[in-house]
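Asks: Next come a sequence and a model predicted from it.
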Amino acid sequence: MSQYFDIHPVNPQPRLVKQAAQIVGQGGLIALPTDSSYALACRLDDKAAVERLRRLRGIDDRHHLTLMCRDLSELGSFARVDNRQYRWLKGATPGPYVFILEATKEVPRRLSHPSRKTIGVRVPDHPVPLALLGELGEPMISATLQMPGDEAPMDDPLAIRTRLEKQLELVIGGGPAPAQATTVIDLTSGEPELIRAGRGDIARFGL
């Protein structure tokens with residue numbers, strides 16, 4: 001049975017954020033609001049929780065999971081970023097974008113793409129995940145909360161709780177979220193390549 005925390009979407013309550021971080025730190029798989037849809041998230045180095053996330057979403061290891069970071073400096077520890085890529089990132093973060101970049105050795109092999117050795121990274125523009133990431137002091141692994149067979153991501157925390165209460169340790173209610181996934185941009189070739197159109201504006205990348 002999952003716990004449910006109603007965390008303010010603008011001024012997250014520190015006590016609840018700390019409790020949420022403890023649940024994540026103890027191996028919990030959680031649902032939380034972002035600047036796109038709700039997302040699933042867990043600790044970066046928790047193999048069992050990551051495997052649960054993949055099973056829940058119905059995805060294999062060829063599907064990029066996303067490294068959710070507090071800021072660009074944290075992101076740089078896990079992805080190789082040259083000056084040109086950095087300019088793209090700086091202009092679009094925080095925001096509803098996932099960027100595919102070459103993974104560094106800091107990323108566990110099981111989390112990077114098995115053949116390309118790449119990782120998806122993002123910095124969300126939402127107070128709740130940013131507060132939780134700050135309390136944890138490290139990135140989380142995340143994925144859009146879109147269940148197999150659904151046409152759109154889930155955007156209602158109470159509906160998420162009802163549907164997934166036996167599969168998650170915590171649902172964070174932060175009000176409704178846009179029922180849109182992130183925009184995914186591949187930056188590994190030197191020029192932005194659109195992988196998935198979502199909430200983020202693609203015009204800024206000349207796409």
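Replies: Received, thanks.
Asks: hey, which strand is longest across the chain?
Replies: Longest strand in the chain, counting residues (DSSP state E): strand 97-103.
Asks: my guess is Met68 meets Pro124, correct?
Replies: Yes - contact criterion C-beta atoms under 8 Å: Met68 and Pro124 qualify, at 6.3 Å. Yep, even glycine has a C-beta here, placed from its N, CA and C like the rest.
Asks: Find the least confident helix or strand in this protein, judged by mean pLDDT.
Replies: helix 72-75 (a mean of 85; mean pLDDT, DSSP states H and E).
Asks: any idea which helix or strand comes after that one?
Replies: Following helix 72-75 in sequence order, the next helix or strand is strand 79-80 (DSSP states H and E).
Asks: Check which helices and strands that following strand sits against.
Replies: For strand 79-80, the packing partners by 3 or more C-beta pairs under 8 Å, 6 or more residues apart in numbering; DSSP states H and E come out as strand 97-103.
Asks: Run through who's touching the strand it packs on.
Replies: Residues from elsewhere that reach strand 97-103 (C-beta atoms under 8 Å, 6 or more residues apart in numbering): 64, 66, 78-81, 85, 88-89, 111-113, 117-122, 182-188, 195, 200.
Asks: if you look at the residues you listed, which of them are in strands?
Replies: Members of the contacts of strand 97-103 lying in strands (criterion: DSSP E): 66, 79-80, 118-122, 183-186, 195.
Asks: quick one, what contacts the residue nearest the centre of the chain?
Replies: In the chain, the C-alpha closest to the average C-alpha coordinate belongs to Ser142, at a distance of 3.5 Å (C-alpha atoms, centre = their mean). By C-beta under 8 Å, 6+ apart, the residues touching Ser142 are Thr34, Ala39, Leu40, Ala41, Cys42, Leu65, Thr66, Leu67, Met68, Arg122.
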